[in-house]
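Asker: Pasted the sequence and its predicted model underneath.
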Amino acid sequence: MRRSRILAALLTCAALAALAACGSGNGTTVAPDTIDTPTTDDGVTLDVPADPDVPPVDVVQDTPPVDVVDPDLSVGDDIQDVPSDVLPDVVVPACVGAPGQIAWPTGVSTTFLRGPFLQDVRDSHAVVVFRPAVPLTEQGCVEWSVAGVASLVPFSACVAPDAYGQYAVRLDDLPADAEVTYQVSAGATLTAGPFTFRSAPPLDRPQRIVVMSDLHANKDRTAAVLSKIVTSALSDGVDFALTCGDHVDAPEEPQFDDLFDGLRPLLHRVPLFATIGNHEGRNANYFEAFVLPEADPPDPEAPEMYYSFRRGNVWVGVLELIDWQLAWTLGGVAFGQVEWLAKELDSEAARSARWRILSIHQPPWGRNWAPCSVDNPNFGEVSLRDMLVPMARDKGVSAILSGHFHDYEHGQMDGVELFVLGGAGGGVENVECTAPEGLPTPWKSVEVNHRLTVETGCDALTIVATDIEGNEIDRVSVPHAAE
Ligand SMILES: [Fe+2]
């Protein structure tokens, strides 16, 4: 799969070479080890179980270093976006209402190994996912009712288990911002619920989002860290959850079981939108675990690897690193998700949103990643600094949320707020590296387990970092531009 991705990039580059657009300049040399492989917290490379459908993650490392970045080419110039002066006008809905503020109940059901948990609650649908500890042959079903919608009997839908014994039941035709009460069943004896969630909000509604990264789930970490984040998010009445990758150390099923057990009380009630990290290894177990939106058009190799969605007044783009590294290596050529994102940010869904934010596991900049040295390339991803941040700046993205480094970091580049929030379970980095050359200033870093709460308000985007004891460690407010 990765080989076909490289081939596609090379073919794109070859086509553009006729226009003298590829690899034509002098500039920075690519360090092969900037390509991510799953590692432990102390940097040891993991032996990730092979997936027959997923290539080894080190394929790109075979790519010889090449000189990139034409000095006359502002990276991103050849990204095939549409000039803003020809984009059709869009109407940004007036901002109305407030994000969720009523605390969610905290009860849980442990009937199922995983779930029931909510996925992809947007537009007029929702997906309820659950998996018994022992796979069944019978169908799994969801019954639900909608407050304010008269029905003599509950709505219901049933599906057969998939190859993992997991059920993913889609609830359609939900009215906006409605209280939905559901319960699930599988076979003759397994039942869970009722639980309540809210259907997707109208497009003018602020949202409150809990954002977590680098959970690296196991029983000890979820008990010590994730459980406190989940309790706080329930108390805050968040509208949905967003993760920025590294949910597990390695994409093995028992680790995903621990992850969903730790998230259980939260995901009974709010959906989670996941970003893939390097520890997921593009493994089939990750794509099976989550039911995520797909890009339009979907990535032919992994439809859930990157995508966008709109919830209320916020548009969220969820990214994966490989295309950015390949595109940068090839001199800034746009292909794959680089080209896709440029077009997505010009879409009506993105431009009519009051706020646009991006999630990608690896950060454009980061400071604290051992070992600290001037020769250490791990101060963030140069491909993202050169290509993603300028695109975000030009297309009205307010913030890029990342993890990968196990601490809290924040700074601003080209007017875009950059956050590192890799503190939701993995061992916190215990280093204080000297600031690398070029690091935006001021740049804040705090070595502590934490979460972010993002509120997409009418007047400001407010991002608060809070440690797991409830102490605020940072607060960033981005005022909304005058209309
Ligand atoms: Fe991590």
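Answerer: All right, it came through fine.
Asker: Neighbours of T231, how many?
Answerer: Residues near T231, counting by other CB atoms under 10 Å, number 15. Placement of C-beta: from N, CA and C, glycine included.
Asker: What residues sit buried inside stretch 252-259?
Answerer: 253, 255-259 (16 or more other CB atoms under 10 Å).
Asker: Show me which residues of the stretch 301-450 of the chain sit near the ion.
Answerer: For the stretch 301-450 of the chain, the residues in contact with the ion (CB under 5 Å from the ion) are G426.
Asker: show me where pLDDT drops low in the protein?
Answerer: In the prediction, the chain carries residues with pLDDT under 70 at positions 1-85, 373-377, 482-483.
Asker: Could you rerun that using 80?
Answerer: By pLDDT under 80, the weakly predicted segments of the chain are 1-86, 101, 370-378, 429-432, 482-483.
Asker: Can you show me the CA trace of the helix or strand hosting L326 as CSV?
Answerer: Element membership for L326, per DSSP states H and E: helix 322-329. Output of helix 322-329 as CSV, limited to C-alpha atoms (Å, rounded to 0.1, in the frame of the first residue of the first chain):
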residue,chain,number,x,y,z
ILE,A,322,2.9,10.4,5.2
ASP,A,323,1.7,12.5,2.3
TRP,A,324,3.1,15.7,3.8
GLN,A,325,6.5,14.0,4.1
LEU,A,326,6.4,12.6,0.6
ALA,A,327,5.2,15.8,-0.9
TRP,A,328,7.9,17.8,0.9
THR,A,329,10.6,15.3,-0.2
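Asker: Quick check: which helices or strands does it pack against?
Answerer: For helix 322-329, the elements it packs on are helix 2-17, helix 336-345, helix 382-383, judged by 3 or more CB pairs under 8 Å, 6 or more residues apart in numbering; DSSP states H and E.
Asker: Can you give me the buried ones in stretch 231-243?
Answerer: Neighbour counts over stretch 231-243 (16+ other CB under 10 Å) mark 232-234, 236-243 as buried.
Asker: Going along the chain, name the helices of the protein.
Answerer: Remark: helices assigned in the chain by DSSP state H are 2-17, 219-221, 227-236, 253-267, 284-289, 322-329, 336-345, 348-351, 382-383, 389-394.
Asker: Tell me which of the ones you listed is the most buried.
Answerer: Looking across the helices of the chain with neighbours counted as mean count of other CB atoms under 10 Å, the highest average goes to helix 322-329: a mean of 25.
Asker: Turn the helices of the chain into a markdown table, including distance to S109.
Answerer: Formatted as a markdown table, the helices of the chain follow (distance: least, CB to CB, whole Å):
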| stretch | distance to S109 |
| --- | --- |
| helix 2-17 | 39 |
| helix 219-221 | 19 |
| helix 227-236 | 15 |
| helix 253-267 | 8 |
| helix 284-289 | 19 |
| helix 322-329 | 38 |
| helix 336-345 | 37 |
| helix 348-351 | 35 |
| helix 382-383 | 43 |
| helix 389-394 | 40 |
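Asker: which one of those lies closest to C158?
Answerer: Closest of the helices of the chain to C158 is helix 284-289, at 19.8 Å (criterion: CB to CB).
Asker: what's the spacing between that closest one and its chain's center?
Answerer: 15 Å (CA atoms, centre = their mean, to the nearest Å).
Asker: CA-only coordinates of it in CSV, if you can.
Answerer: The C-alpha trace of helix 284-289 is given here as CSV (Å, rounded to 0.1, in the frame of the first residue of the first chain):
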residue,chain,number,x,y,z
ALA,A,284,-6.2,-3.0,10.4
ASN,A,285,-7.1,-3.3,14.1
TYR,A,286,-7.1,0.5,14.3
PHE,A,287,-9.4,1.0,11.3
GLU,A,288,-11.6,-1.8,12.7
ALA,A,289,-11.8,-0.3,16.1
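Asker: That helix packs against which elements?
Answerer: Right, helix 284-289 is packed against helix 253-267 by 3+ CB pairs under 8 Å, 6+ apart.
Asker: Can you give the contact residues for the helix it packs on?
Answerer: Residues from elsewhere that reach helix 253-267 (CB atoms under 8 Å, 6 or more residues apart in numbering): 104, 106-110, 113-115, 117-118, 210, 215, 217-219, 221-223, 226-227, 230-231, 233-234, 238, 241, 247-249, 272, 285-286, 289.
Asker: what subset of those is also close to the ion?
Answerer: Okay, of those, nothing touches the ion (CB under 5 Å from the ion).
Asker: Let's see which of these end up in strands.
Answerer: Using DSSP state E, the subset of the contacts of helix 253-267 located in strands is 114-115, 117-118, 210, 241, 272.
Asker: List just the nearest of those residues to K444.
Answerer: Among the ones in strands among the contacts of helix 253-267, V210 lies closest to K444 (CB to CB), at 20.3 Å.
Asker: thinking the closest one is in contact with H450, fair?
Answerer: No: assessed by CB atoms under 8 Å, V210 is found out of contact with H450, at 11.2 Å.
Asker: so how far is stretch 87-101 from its chain's centroid?
Answerer: On CA atoms, centre = their mean, the centre of stretch 87-101 falls 22 Å from the chain's centre.
Asker: Which positions in that stretch come out as buried?
Answerer: 95, 99-100.
Asker: okay, those in a markdown table with distance to V142 next?
Answerer: A markdown table is the format used below for those (distance: CB to CB, whole Å):
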| residue | distance to V142 |
| --- | --- |
| C95 | 33 |
| P99 | 26 |
| G100 | 22 |
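Asker: Dig out what L190 forms beta bridges with.
Answerer: Counting by DSSP bridges, L190 is bridged to A186.
Asker: L272 and G262: what is the separation?
Answerer: Using CB to CB, to the nearest Å, L272 is found at 12 Å from G262.
Asker: okay, and the common contacts of these two?
Answerer: Among the neighbours of L272, none is also in contact with G262 (CB under 8 Å, 6+ apart).
Asker: So which residue is dead centre in the chain?
Answerer: In the chain, the centroid-proximal residue (CA atoms, centre = their mean) is T275; its distance is 2.8 Å.
Asker: wait, doesn't that one sit right on T243?
Answerer: Yes: using CB under 8 Å, T275 is in contact with T243, at 5.9 Å.
Asker: who touches both of those two?
Answerer: By CB under 8 Å, 6+ apart, the residues touching both T275 and T243 are S213.
Asker: Buried residues, stretch 182-199. List them.
Answerer: Buried, per 16+ other CB under 10 Å, within stretch 182-199: 182-186, 190-193, 195-199.
Asker: Now flag whichever of those residues is closest to the ion.
Answerer: If you rank the buried residues of stretch 182-199 by distance to the ion using CB to the ion, F197 comes first, at 29.0 Å.
Asker: Could you pull up the contacting residues of the residue lying closest to C458 once chain neighbours are set aside?
Answerer: Excluding the flanking residues, the one nearest C458 by CB to CB, 6 or more residues apart in numbering is C95, at 3.5 Å. By CB under 8 Å, 6+ apart, the contact set of C95 is 204, 206, 313, 354, 457-458.
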